[in-house]
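Q: I would like the atomic coordinates for the input below:
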Amino acid sequence: MARSTAPNKPSKINPSQFKHRVLIEEEPCVSDGRGGFVDGDWTTFKKRWAKIETLTAGQRRFAGKNEENVDTKITMYYTSGVTVAMRITHAGLIYQIQGIDNLEENNVWLVLNCMKGVAS
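A: Reported below is the predicted structural model:
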């Protein structure tokens, strides 16, 4: 009987598949000059090589609590400071980060569960 593997728990990651140069972007809060804050322009937090995978319907049900909001998995070397308030951009596409998995909490691999095409 074949064993099913969850898409964000790969048994072996091959860094040679990291063929996509992605930008991890953050949107800073800027003072509005009246004691409040407004969202600023998205700026680059880090540039990384990554593997971008579109999830099938079967894979999406393993992606986590928000599987209906996840259609893409992005795998890269661990990068500290990445949060769900950030986004990934690649080739003119925007991927909103929905969930982050530091595989086995080893600070080696980072898997980002994302939704493609989210306008922010």
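Q: State the distance from the closest residue to Asp39 other than its chain neighbours to Ile97.
A: Nearest residue to Asp39 in three dimensions, chain neighbours excluded: Glu27, at 5.3 Å (Cβ to Cβ, 6 or more residues apart in numbering). Quick note: C-beta positions are derived from backbone N, CA and C, even for glycine. Using Cβ to Cβ, to the nearest Å, one obtains 12 Å as the distance from Glu27 to Ile97.
Q: Please apply the same query to Val108.
A: Per Cβ to Cβ, Val108 is found 19 Å from Ile97.
Q: Kindly report the same for Thr44.
A: On the measure of Cβ to Cβ, Thr44 and Ile97 end up 15 Å apart.
Q: the more surrounded of these two?
A: Between Thr44 and Ile97, counting by other Cβ atoms under 10 Å, Ile97 is the more crowded of the two (21 against 10).
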